[in-house]
Structures are given as C-alpha cells and as structure tokens.
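Asks: A structural model of the following input is requested.
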Amino acid sequence: MRSPPPVAAPDRRARILVVDDQKNMRATTALMLAHQGFEVEEAAGGEAALARLPSGGFDLVLTDLKMEPVDGLGVIKRALELSPGVQVVVMTAYGTIDSAVEAMRLGAADYVAKPFEQEELLIRLDRALERRRLIREVGAWAGEFHERFGLRNIVGRSAAMRDLLVKVGRVAASDATVLVTGESGTGKELVARAIHAGSPRSARPFVAVNCAAITETLLESELFGHAKGAFTGAVKARHGLFEEADGGTLFIDEIAETSPGFQAKLLRALQEGEIRRVGENSNIRVDVRVIAATNRDLRREIAEKRFREDLFYRLSVVPLWVPPLRDRADDIPLLAQHFIERYNARAGTARALTDGAVARLVAHPFPGNVRELENAVEQAAALAESDLLGPEDFPLDGARTGRAEAPADESGPLALVVDAAERRAIEAAILRHSADLLAVARELAISPTTLWRKMKKLGLGTQAARPAGSTPGD
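Replies: Sure, this is the predicted structure:
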C-alpha cells in the first residue's frame, strides 16, 4: 500500500474491529490503521467476530464479505443488532453491484473493493466515523425531546432512517423551510413534528393542516383567516392557522392538492412574512416556520403546470425524503414490536409476536407503508384468539373478515376489474379505520370528496360511514 497524502482533520481515536479470514490481509490492514492512531483489534473470520462483538464496544467494523462459515453479511446483522449506531464498512474482492447493494441494504455504511489504496480506505473510514458522530449527536438530541414530547413513533435502525434522522437533527436547529416528500403512510407528519420538537420553536404551537381534506374555497380562509361578512357564512371574524402558529411551526400536508391561485398567495405569505385575512385590506405580520409535505413528484407537477416552480423552490430550501417501508425491511420487526407494545399499553393485554409472524410481516411489501403495518398489527392484536400472534393472524393479502374469501375474478372488461379493485381497497380501509372517511382518504391518498364519490358509485353505503374527522359516538 502506498502512503497517502495528509487527510484533513479526521478523528483517529475510534475503536475498529478488522474482520478477515486471510491473515496477511487482516494483519496488514490492522497495522496500517494502528499507525494512523486507531485502536484496532482483529477477528480471524466471521465466527470470531460474532464472539468478539458483544464485549468490544467498537465504533466501526471493517469486515471482509466473502468468508466461511459466517460471511460479512452475518457480521453486519449482528453488529447492528448489538449497537445500531456502529458503522460497518465491507471489503470484498468480489466488488459486484449485487453484493454491495445487499450489504448497504442490511445497514453497511460503505464498501471498498480489494485491492484498495490506503488513501481510499482511510477516506471511507473517516467518512463513516463522521457519520457515527452525527448519529450520536442526533441520538442525544432525540432522546431528550422524545422524553419531553413523547415522540417515540419514529422507529428504525436502517441506514436510510439513520441518515434521515441525521438530517432532521441538523435542520431542526435552523429556521429553514422544509419540504418532506415520500409515499403515503411513511410518516411525513412525524418527521415534521420531530423537527418542531427539536427546534427553538418547540415551546410554541405546532399546527397541522391537510390541504386534501379542505375544499379549495375554504382553504384560504382556513390558513389566512377572514373578516366578518367576508363571504356567506362568515358570521364572525376568525383567525387563520398562520396566526395560530405564530412563533411556532405550520405543517402544510398534501401541498400538491392546492390550486396555482392559492399557491401564489402562499408564496407571498412565505416571502413577506405577512398574511391578509379574507375580506380585509391590511396585512398582519406572522413569525411562522413552514414545513410542507406531499406524496407527489412536484417536479412533474411543475412540468404539467399544476404546481408553481417558484413556490417549489421556496418550500424546498431543505428537502427531506422519507423512504418507503419496502426499502427498509430491517425496520419492520422493530416497528411491529413498537406497535404491539403500544397496543398492549392501551388495551391492557399481553400480546406478543412469534418468529413466524415477524417473518410473515418482513416478507410483505407493504404498499401502504408504516400505516399499513400499524393497521395490520393492531387488527391482529384485536382479533387474535391467543396472546401469541402467529402468521395466520396476518392475512395481509386482503381485509380480515373472519372467514376465507375466494380470490376476486380479475377477468372481464377493464372498467369492471378496476371497480372491483377499488371496492376491495376502500372496503378494507373503511374496516381498518372504523368508517372514518378522513382517515380512509389519507390512507388511499385521495381527497375525501373523491372518496365519497367513489363510494357512491360503487354502492358502498355512504350513509353508514362517519363524516371525515369525526370520532365514534359523534
């Protein structure tokens, strides 16, 4: 290995475990790292690493990928089970895309292909250790505000979620406008609440509004307020959500559901720090941090003239993407355990997940993301005959009705097939949400008006459904 040029200000006090079943490679790498100031230990293969990891307290594991009988993937899994914050960098002479992707999917921070230069390895290790430092900072920050605000719903140890929390920790301390994107059900509002809770505005209000749940004519009044008599039904003056959130954070969900006309007014409010109530002539100063969210591709919406480009750039000062659950399957067992524990605390039960149930959940793609997983766990816990939930308690291919259902006939005209698929999806969501149409619309990523229209078309009994946002017993 050639000596590298000086590396800028790295932290070389970390404890590193070097795992390789090739003695010469392992010893040479360990010696080089020790000369750089690292505290280094060696493991002569995957089995030796598994024995060493529980008591090691390592900051980083540098492991070969191809080993027998325990390979580098097994080392990654065990290392992250023992310490979710540990960084793993894999070495492989078989530097294929597939092996690298699998290692990264399991939580590896980086990989380096053999033979490698000393400089390249040190750069990757320094980068991984800097990532660990940031995760530790976020962990301390998260622990503090989770205790204070009860925000324990952001669960995950996958690399994607760790990266997201690092970014959340960085942006929380600032006052920058944030755009949170991701599929429906991934937890975008939880991210927004976490940013608010970790910010200097945490003692002030967090106000949320879902643009898809409010008609276009009322949305402007909802956000900006109105004067008495401004329109039919405005029997008294009303403060808008911008004023309610003054000094705090306003979370605008489903921002892509708004019209270009409304977007122009929102843009002006963001740029000027002022709002004007509907029906009034004077402006009102407001001090509000805005976090917006959408499950749509806003760049495509811009290209199709449905979203203003200037508003997009004003909102996405800091863009955050919440990964779908299928891209972080390692988080499913943690999330499922979190949901079952929450159910037990609420219901006074002692439900538990068997290994078979967890395997069933991990194998499911969860197109509805975390929300679908939460619903599946709560449904199983509520209907199971035993405290031990097995795979049979998770009929994830359709709604649970207490009896086996014949598969739907997918033959016939396309319109009938689409109607049948929509009927099944809506019926399942209505069952999961006890006929709360607002919750159903959110899960299906459509507006309540569209949901109502589809239910009427499909003959799903709109009279039996609860109005959007109501609670049982209303």
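
Asks: residue contacts, T29?
Replies: V18, D20, L62, M91, L121 (CB atoms under 8 Å, 6 or more residues apart in numbering). Just so you know, the C-beta spots here come from the backbone N, C-alpha and C atoms, and that holds for glycine as well.

Asks: Can you tell me the closest non-neighbouring residue to A264?
Replies: Distances taken as CB to CB, 6 or more residues apart in numbering put R308 closest to A264, at 6.7 Å, once the chain neighbours are dropped.

Asks: tell me the secondary structure for R423?
Replies: When classified by DSSP: H, G, I helix; E, B strand; the rest coil, R423 comes out as helix.

Asks: Isn't it up against L460?
Replies: Yes: the criterion here is CB atoms under 8 Å, and R423 meets it with L460 at 7.0 Å.

Asks: I'd say the residue nearest to A264 and I302 touch.
Replies: Yes: between R308 and I302 a contact is recorded at 7.5 Å, counting by CB under 8 Å.

Asks: re earlier: quick one, phi psi at the residue nearest to A264?
Replies: phi -80, psi 130 (degrees, to the nearest 10).

Asks: Neighbours of it, how many?
Replies: 21 (other CB atoms under 10 Å).

Asks: Nearest residue to the middle of this protein?
Replies: Nearest to the mean C-alpha position of the chain, by CA atoms, centre = their mean, lies V322 at 4.0 Å.

Asks: quick one: it from V209, how far?
Replies: Separation of V322 from V209 (CB to CB, to the nearest Å): 19 Å.

Asks: do the same with E119
Replies: Distance from E119 to V209, by CB to CB: 51 Å.

Asks: So between the two, which is more surrounded?
Replies: Per other CB under 10 Å, whichever of E119 and V209 has more neighbours is V209, with 20 against 14.

Asks: Return the list of helices and strands in contact with the host helix or strand of the more buried one.
Replies: Applying DSSP states H and E as the criterion places V209 in strand 206-210. Applying 3 or more CB pairs under 8 Å, 6 or more residues apart in numbering; DSSP states H and E, we find strand 206-210 packed against helix 188-197, helix 241-244, strand 249-253.

Asks: go with 6 Å
Replies: Applying 3 or more CB pairs under 6 Å, 6 or more residues apart in numbering; DSSP states H and E, one finds that strand 206-210 contacts helix 241-244, strand 249-253.

Asks: looking at the ones you listed, which is buried most?
Replies: Ranked by mean neighbour count, those are led by strand 249-253 with a mean of 24 (mean count of other CB atoms under 10 Å).

Asks: and it, what does it pack onto?
Replies: Packed next to strand 249-253, using 3+ CB pairs under 6 Å, 6+ apart, are strand 206-210, strand 289-294.

Asks: Could I get the average pLDDT for the last one?
Replies: With pLDDT averaged residue by residue, strand 289-294 scores 96.

Asks: which residues are in contact with it?
Replies: Strand 289-294 is touched from outside by 175, 177-181, 188, 192, 249-253, 255-256, 315, with contacts defined as CB atoms under 6 Å, 6 or more residues apart in numbering.

Asks: could you redo the last one with a cut-off of 7 Å?
Replies: 175, 177-181, 188-189, 192, 195, 201, 249-256, 270, 315 (CB atoms under 7 Å, 6 or more residues apart in numbering).

Asks: just the buried members of these?
Replies: With burial judged by 16 or more other CB atoms under 10 Å, the buried subset of these is 177-181, 188-189, 192, 195, 201, 249-256, 270, 315.

Asks: where in the stretch 101-250 of the chain is pLDDT low?
Replies: Residue ranges of the stretch 101-250 of the chain with pLDDT under 70: 101, 134-153, 156-157, 229-235.

Asks: So which residues of it form strands?
Replies: Along the stretch 101-250 of the chain, the segments classed as strands by DSSP state E, counting those that start in this stretch run 110-113, 178-181, 206-210, 225-226, 238-239, 249-253.

Asks: I'd like these laid out as TSV, including distance to T450.
Replies: Converted to TSV, the strands of the stretch 101-250 of the chain look like this (distance: least, CB to CB, whole Å):
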stretch	distance to T450
strand 110-113	44
strand 178-181	21
strand 206-210	14
strand 225-226	26
strand 238-239	27
strand 249-253	16
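
Asks: and T29, what helix or strand is that in?
Replies: Going by DSSP H and E, T29 is in helix 23-35.

Asks: Buried ones in the following helix or strand past that helix, by neighbour count?
Replies: Once helix 23-35 ends, the next helix or strand along the chain (criterion: DSSP H and E) is strand 39-43. Using 16+ other CB under 10 Å as the test for burial, strand 39-43 gives V40, E42, A43.

Asks: partners of the second one in the sheet?
Replies: As for beta bridges, E42 partners with V18 under DSSP bridges.

Asks: what's the distance between it and G57?
Replies: Taking CB to CB, one finds E42 at 16 Å from G57.

Asks: Same question for E392.
Replies: 42 Å.

Asks: repeat for E102
Replies: In terms of CB to CB, E102 sits 27 Å off from G57.
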